[in-house]
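In: whatever this is, show me its structure:
(chains A, B, C and D)
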Number of protein chains: 2
Amino acid sequence: MRTILEAAERVFAANPAATMEQVAQAAGVARTTVHRRFATREALLEELTGWAARQFAEAVESARADTAPPLVALYQVTANVLRVKTDWWFAMNRTADDAHPEAARVHAEIRDDCERLFRRAREAGVLRADADLDWTRRVYYALIHEAAAEAASAGGDAEALATRVVDTLLRGFGSPTAPVIA
Amino acid sequence: MRTILEAAERVFAANPAATMEQVAQAAGVARTTVHRRFATREALLEELTGWAARQFAEAVESARADTAPPLVALYQVTANVLRVKTDWWFAMNRTADDAHPEAARVHAEIRDDCERLFRRAREAGVLRADADLDWTRRVYYALIHEAAAEAASAGGDAEALATRVVDTLLRGFGSPTAPVIA
DNA sequence: ATTACTCGCGACACACTTGTTGCAAGTACT
DNA sequence: AGTACTTGCAACAAGTGTGTCGCGAGTAAT
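Out: As a prediction, this is how the structure comes out:
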């Protein structure tokens, strides 16, 4: 059952339109066995997103984002999430297309955590005072997404990638000597 | 025919697994009429990606990325691409899953253009000397992706979004007063 | 050995999508 | 009016994925 979920993750990551047959084959079981655990394909998908959401929540929670200094928390959260996201790439990218109340709730809570963290970071002077926190969060998500993609293909440990993500988020790529906006 | 492509774009953007029936309905024609223009579903997808690739190439080309000053070129390219990408969201995100040689070639050329532009920017001091150009490019793509998503949902003109993308790419969100990496 | 449980396998019905064809109606052009 | 072209419509065949069922084999516990 855990085996099936992991197989489903692998298969769907490679091809979101994969069939139950392919999932079963990847799990090393018969298709009917998959149906024994998950009545419908939809149920399998739901269980997958629920599982990933729980892993996601745990990754964020264990980073103590609310108590640690903002910069430390940011780094910890990033590293933890990257570790989970490289293994549950497909399931964790299923946020928009949900009729899954639990996963939606979890994602919303994490979103709030993220916003709180950014607010603290701004007050601590880590983020600029004029930073648009919503745009900041979306860029942060996108950076994690990109870093996880690299980890999934080229490898690389979560710590190093997290460092790069945080560094990019805070400094960007521009030279500090050359002012920018026209 | 143009009508069908535009309808397909809209429908597939909402649901990549949409059927020919749904596309036809969105285009206001019968399903058989769609098949008259595009023999198979695959042919429709190919035409869509080819069309988007051409729009993409034109958007980049018209920005004169090779001759204008790096910062100006970066801004121009960003704005132009954003304009196209808000209208051809689905088709332009079909880069990986290609057996489409023309589109793959176009995307590869644009990738080279982007790399050249970044190289010039680095030599001009716009980008830091130690910037990893590949990671820079991927972040840049991700920022455009995110900005286009916002434009598609919340609106907002391409110029303002381009400014924000370039600003984020170069400066990030961190305060210049607080040094960052532990 | 008997019982209970799980799994693989083959089979089936069902629904859906795709792609094709023939025919009738409509429109534009001469 | 006549011709050429396009479209909608209905119907069809074929393939594919889904979900269900029953049977037989294998395994573990009593």
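
In: excluding its backbone neighbours, what's nearest the most centrally placed residue in chain A?
Out: With distances taken as C-alpha atoms, centre = their mean, the residue of chain A nearest its centroid is A:Lys85 (4.8 Å). Distances taken as C-beta to C-beta, 6 or more residues apart in numbering or on different chains place A:Ala148 nearest to A:Lys85, at 4.1 Å, with adjacent residues excluded. (Glycine included, C-beta is placed from N, CA and C.)

In: now swap in A:Arg111 and tell me
Out: Nearest one to A:Arg111, counting by C-beta to C-beta, 6+ apart, is A:Arg137 at 7.3 Å.

In: quick check, the one you found in contact with A:Phe118.
Out: Yes - if you go by C-beta atoms under 8 Å, A:Arg137 and A:Phe118 touch, sitting 6.4 Å apart.

In: wait, does the helix or strand harbouring A:Glu159 contact chain B?
Out: Using DSSP states H and E, A:Glu159 maps to helix A:158-171. Yes - applying C-beta under 8 Å from any C-beta of the partner chain, one finds helix A:158-171 touching chain B at A:Thr163, A:Arg164, A:Val166, A:Asp167, A:Thr168, A:Leu169, A:Leu170, A:Arg171.

In: and that helix, what's buried?
Out: Residues of helix A:158-171 classed as buried under the neighbour-count rule (16 or more other C-beta atoms under 10 Å in any protein chain shown) are A:Ala158, A:Leu161, A:Ala162, A:Thr163, A:Arg164, A:Val165, A:Val166, A:Asp167, A:Thr168, A:Leu169, A:Leu170, A:Arg171.

In: ok now it, how far from the chain's centre?
Out: Chain-centre distance of helix A:158-171: 15 Å, with C-alpha atoms, centre = their mean, to the nearest Å.

In: then stretch A:83-101?
Out: With C-alpha atoms, centre = their mean, you get 7 Å for stretch A:83-101.

In: and if you look at stretch A:64-79?
Out: Distance, centroid of stretch A:64-79 to centroid of chain: 15 Å (C-alpha atoms, centre = their mean).

In: and A:Glu46, what does it touch?
Out: A:Glu46 is in contact with A:His100, counting by C-beta atoms under 8 Å, 6 or more residues apart in numbering or on different chains.

In: is it in a helix, a strand, or coil?
Out: helix (DSSP: H, G, I helix; E, B strand; the rest coil).

In: distance check, A:Trp88 against B:Arg31.
Out: To B:Arg31, A:Trp88 is 38 Å away according to C-beta to C-beta, to the nearest Å.

In: same question but for A:Val11, I mixed them up
Out: 31 Å.

In: and A:Asp87, what is it in contact with?
Out: By C-beta under 8 Å, 6+ apart, the neighbours of A:Asp87 are A:Glu9.

In: hmm, 6 Å instead?
Out: By C-beta atoms under 6 Å, 6 or more residues apart in numbering or on different chains, A:Asp87 lies in contact with nothing.

In: who's more crowded, A:Trp88 and B:Arg31?
Out: A:Trp88 (23 against 15; other C-beta atoms under 10 Å in any protein chain shown).

In: which positions in chain A make contact with DNA strand C?
Out: With C-beta under 7 Å from any atom of the strand as the criterion, chain A comes near DNA strand C at residues A:Gly28, A:Val29, A:Ala30, A:Thr32, A:Thr33, A:Arg36.

In: just the element for the fourth one, please.
Out: What that stands for is A:Thr32. Going by DSSP H and E, A:Thr32 is part of helix A:31-37.

In: which strands and helices sit next to that helix?
Out: Applying 3 or more C-beta pairs under 6 Å, 6 or more residues apart in numbering or on different chains; DSSP states H and E, one finds that helix A:31-37 contacts helix A:20-27.

In: give the rounded mean pLDDT of the helix it packs on.
Out: Average pLDDT, helix A:20-27: 96.

In: grab the nearest non-local neighbour of A:Arg122.
Out: A:Ala131 is the one closest to A:Arg122 (C-beta to C-beta, 6+ apart), at 6.1 Å.

In: assess the claim that that neighbour and B:Phe173 are in contact.
Out: Yes - the pair A:Ala131 / B:Phe173 is scored as a contact, 4.6 Å apart, by C-beta atoms under 6 Å.

In: more neighbours, the two?
Out: Legend: neighbour count by other C-beta under 10 Å for A:Ala131 and B:Phe173, higher for B:Phe173 (26 against 18).

In: which residues touch A:His107?
Out: A:Thr95.

In: which SSE is it in?
Out: helix A:101-123.

In: just the buried residues of that helix, please?
Out: Here helix A:101-123 shows A:Ala103, A:Val106, A:His107, A:Ile110, A:Asp113, A:Cys114, A:Leu117, A:Phe118, A:Arg120, A:Ala121, A:Arg122 as buried, counting by 16+ other C-beta under 10 Å.

In: would you list the residues you listed in TSV and tack on distance to A:Val77?
Out: Output for the buried residues of helix A:101-123, formatted as TSV (distance: C-beta to C-beta, whole Å):
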residue	distance to A:Val77
A:Ala103	19
A:Val106	15
A:His107	14
A:Ile110	9
A:Asp113	8
A:Cys114	8
A:Leu117	7
A:Phe118	11
A:Arg120	12
A:Ala121	11
A:Arg122	16
